[in-house]
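Enquirer: Got a sequence here, can you model it:
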Amino acid sequence: MTHLILIRHGETDWNVEGRYQGQADPPLNARGRVQALRLADGLASSGIETLYTSPLQRARQTAEIVAQRLNVPVHIEPRLVEIHQGDWQTRLRSEIEQLYPEQFRRWVTDPWSVSPPNGERLVQVLERVVAAVTDIVRRHPASRVGLVTHRIPIALIKFKYQGLDPDNIRTLNLPNTYYEEIDINPEIVEKMATKEK
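Expert: Coordinates of the predicted model:
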């Protein structure tokens, strides 16, 4: 059994402002760094053996703070990056609602049917995140592994491996430095990977 600890990054100024980040790359703010230090303390007895992180600063900085406290290696995994939010990235939610009212309404109510203009669809993010998890589980079939990533990738992992209602993917509440452990059977992962080929 592989024990994955799903970890969301610490706070950025854009989180506070309600500005859509997507694959834009703001760093942790001062509060985010404090959150990451507290997270590291909270994970000190978790038995994490290695960390994989999204390459975006907010995730990478969180992972580095945790890794230093736990004295474990950090690996960059590009497929754990947040959804690309296209033309919505860098904009405030209020701007998006005003400029793209119908698309945004559908994004809130039926996110699988729409994508941000020039951005990714949820199914595309699901494919790359599941491919990353599959590879990580293959590499660590009986380990405790931390994944430092973003809200949408965590929600999609929960959908895929815990049966989360797909309609709740976009609205699931996962605050900064949220974490939870899930157990994944490598044999089940292999069966899923074979079925999807």
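
Enquirer: so what's the residue nearest the centre of the chain scoring on pLDDT?
Expert: Computing the C-alpha centroid of the chain and ranking residues by CA atoms, centre = their mean puts His150 first, at 2.7 Å. pLDDT, His150: 98.

Enquirer: residues in contact with the closest residue to Tyr20 other than its chain neighbours?
Expert: Distances taken as CB to CB, 6 or more residues apart in numbering put Trp88 closest to Tyr20, at 4.7 Å, once the chain neighbours are dropped. Placement of C-beta: from N, CA and C, glycine included. Neighbouring residues of Trp88 by CB atoms under 8 Å, 6 or more residues apart in numbering: Tyr20, Gly22, Ile96, Tyr100, Pro116, Pro117, Gly119.

Enquirer: and these, which two are the farthest apart?
Expert: Gly22 and Tyr100 (14.1 Å; CB to CB).

Enquirer: So for these two, which sits in the more crowded spot?
Expert: Gly22 (23 against 18; other CB atoms under 10 Å).

Enquirer: nearest residue to the more buried one other than its sequence neighbours?
Expert: For Gly22, the spatially nearest residue (CB to CB, 6+ apart) is Gln85, at 3.2 Å.

Enquirer: how many other residues sit next to that neighbour?
Expert: 23.

Enquirer: List the contacts of it.
Expert: By CB under 8 Å, 6+ apart, the residues touching Gln85 are Tyr20, Gln21, Gly22, Gln23, Pro116, Gly119, Glu120.
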